[in-house]
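[1] Provided below for reference: sequence and predicted model.
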Amino acid sequence: MAVTSPFGVATDYSGSALRFGLVDVKPIEVVDTIKKFGIKFTRKTQAFESLRPSESFADFVTLENEAIIARILVPDWFEAERVIRIFSQRSIKRYEEDAELQKAIKELRSSKAIEGPLLRFTRFIINRFESKREEYVEIEAGRFLASNFPLSFYRRFIVFDNTYYDLLKVSEQIVRFSEFHARTARNFQMYSRQIETMKRTLSPLIDQMDICFFAASCLKKYISIWNAKTYEELERGPEFLDLKNIDGQEFERLCNDFEARLLEMRELLLKHDPRIIRKEPRLENEPTAKMFGKLVMSPSDSLNLER
């Protein structure tokens with residue numbers, strides 16, 4: 001069975017879903033003329049329109065993969081452009097097949113502002129992540145078993161998932177506060193200013209999450225590329241991730257960069273919510289930790305857990 005990346009399911013969109021749903025939107029005033037009891041009334045409501053065309057996600061992931069491949073070493077048996085195309089088409093296909101997310105974005109665009117569409121969209125992203133966390137853990141556990149990488153390597157991505165979840169919860173706080181004050185605004189201009197303030201607050205968080213995700217993607221795609229011998233194997237995912245197939249110094253460089261970006265992300269979140277502790281999250285009660293605890297006890301002569 002091929003090794004599947006959890007990022008393909010859990011956070012393939014990273015901050016992108018939040019960006020498309022909360023930042024790359026513009027409030028508009030909708031004026032309707034209604035007739036009641038033979039009298040015409042003018043009703044004003046607020047809605048949102050996208051600042052980006054529908055194909056922008058394809059552009060985004062293609063540019064991102066171009067930047068990733070430019071940053072990592074690619075073996076001479078692969079052409080960089082074809083590798084970029086494989087990774088990009090995979091992400092685009094997942095996005096296009098994600099009917100649940102497409103529906104949520106469509107509802108956001110068509111909703112009237114009085115219904116609190118921004119908060120509803122944020123909670124949709126949170127609820128979906130929460131409902132799929134066990135699936136992500138199982139995928140990550142499968143990667144660990146189908147590799148000889150140290151357990152400490154996979155633990156980094158447990159912290160990453162928790163950090164992403166913290167971002168979602170902080171975003172929920174910001175959106176709830178901003179949308180409440182926007183709905184109580186006296187006119188559309190004041191309403192728009194509240195939404196713009198919200199976007200300015202969210203943007204640095206989402207930008208940093210994308211930087212963190214970029215570092216994680218560089219690391220994981222570097223490992224995948226060097227453990228695949230053909231384009232077909234790269235497309236479906238290598239059967240086994242072998243530490244001996246990668247350059248130790250390059251691996252160390254990418255790991256250190258990922259950890260640095262992860263720390264920066266948590267420090268930024270701490271400024272918005274002091275309850276987020278300035279260290280790696282405690283994992284004793286996490287289902288992730290319990291599963292990996294069982295994996296540690298699993299006998300395997302081929303697993304080297306020393307870094």
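    Perfect, thanks for sending it.
[2] check which helix or strand the closest residue to residue 86 other than its chain neighbours maps to.
    Spatial nearest neighbour of residue 86, excluding adjacent residues (CB to CB, 6 or more residues apart in numbering): residue 235 at 5.3 Å. C-beta: built from backbone N, CA, C; applies to glycine. Using DSSP states H and E, residue 235 maps to helix 231-236.
[3] in the very next helix or strand once past that helix, which residues are buried?
    Once helix 231-236 ends, the next helix or strand along the chain (criterion: DSSP H and E) is helix 248-272. Buried residues in helix 248-272, counted by 16 or more other CB atoms under 10 Å: 251, 254-255, 257-259, 261-263, 265-266, 268-269, 272.
[4] can you check stretch 84-102 too?
    Those would be 84, 86, 87, 88, 90, 91, 92, 95, 98, 101, for stretch 84-102 by 16+ other CB under 10 Å.
[5] could you give me the average pLDDT of that stretch?
    For stretch 84-102, mean pLDDT is 86.
[6] then it to CSV, C-alphas only?
    What follows is stretch 84-102, C-alpha atoms only, in CSV (Å, rounded to 0.1, in the frame of the first residue of the first chain):
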residue,chain,number,x,y,z
ILE,A,84,5.3,20.3,-10.2
ARG,A,85,2.5,19.3,-12.5
ILE,A,86,1.9,16.0,-10.6
PHE,A,87,1.8,17.7,-7.2
SER,A,88,-0.4,20.6,-8.5
GLN,A,89,-2.9,18.4,-10.3
ARG,A,90,-3.3,16.2,-7.2
SER,A,91,-4.2,19.3,-5.0
ILE,A,92,-6.4,20.8,-7.7
LYS,A,93,-8.3,17.5,-8.1
ARG,A,94,-8.9,17.2,-4.4
TYR,A,95,-10.1,20.8,-4.2
GLU,A,96,-12.5,20.4,-7.2
GLU,A,97,-13.9,17.1,-5.7
ASP,A,98,-14.4,18.7,-2.3
ALA,A,99,-18.1,19.3,-2.7
GLU,A,100,-18.5,20.1,1.0
LEU,A,101,-16.0,23.0,0.9
GLN,A,102,-17.4,24.2,-2.4
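[7] just list what the helix holding residue 235 packs against, helices and strands only.
    helix 80-97 (3 or more CB pairs under 8 Å, 6 or more residues apart in numbering; DSSP states H and E).
[8] show residues contacting the helix it packs on.
    8, 12-13, 57-58, 61-62, 65-66, 68-69, 74, 101, 221, 225, 231, 234-235 (CB atoms under 8 Å, 6 or more residues apart in numbering).
[9] helix or strand next in line after that helix, which one?
    Next along the chain after helix 80-97, taking DSSP H and E as the criterion, comes helix 99-110.
[10] next one: that next one to chain centre, how far?
    Relative to its parent chain, helix 99-110 has a centroid offset of 17 Å by CA atoms, centre = their mean, to the nearest Å.
[11] go on, stretch 143-156?
    Distance, centroid of stretch 143-156 to centroid of chain: 21 Å (CA atoms, centre = their mean).
[12] pLDDT on that stretch, on average?
    Mean predicted lDDT for stretch 143-156 stands at 85.
[13] end to end on that stretch, go ahead and measure it.
    Terminal residues of stretch 143-156 are spaced 13 Å apart (CA to CA, to the nearest Å).
[14] what about the helices in the protein?
    For the chain, the helices defined by DSSP state H cover 16-18, 56-71, 80-97, 99-110, 117-145, 151-183, 188-226, 231-236, 248-272, 287-297.
[15] could you dump the ones you listed to CSV with distance to residue 28?
    Listed next are these as CSV, based on distance: least, CB to CB, whole Å:
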stretch, distance to residue 28
helix 16-18, 20
helix 56-71, 19
helix 80-97, 25
helix 99-110, 10
helix 117-145, 13
helix 151-183, 13
helix 188-226, 9
helix 231-236, 42
helix 248-272, 28
helix 287-297, 42
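[16] most tightly packed of the ones you listed?
    Highest mean neighbour count of these: helix 16-18, a mean of 23 (counted as mean count of other CB atoms under 10 Å).
[17] that's all I had, so thanks and see you.
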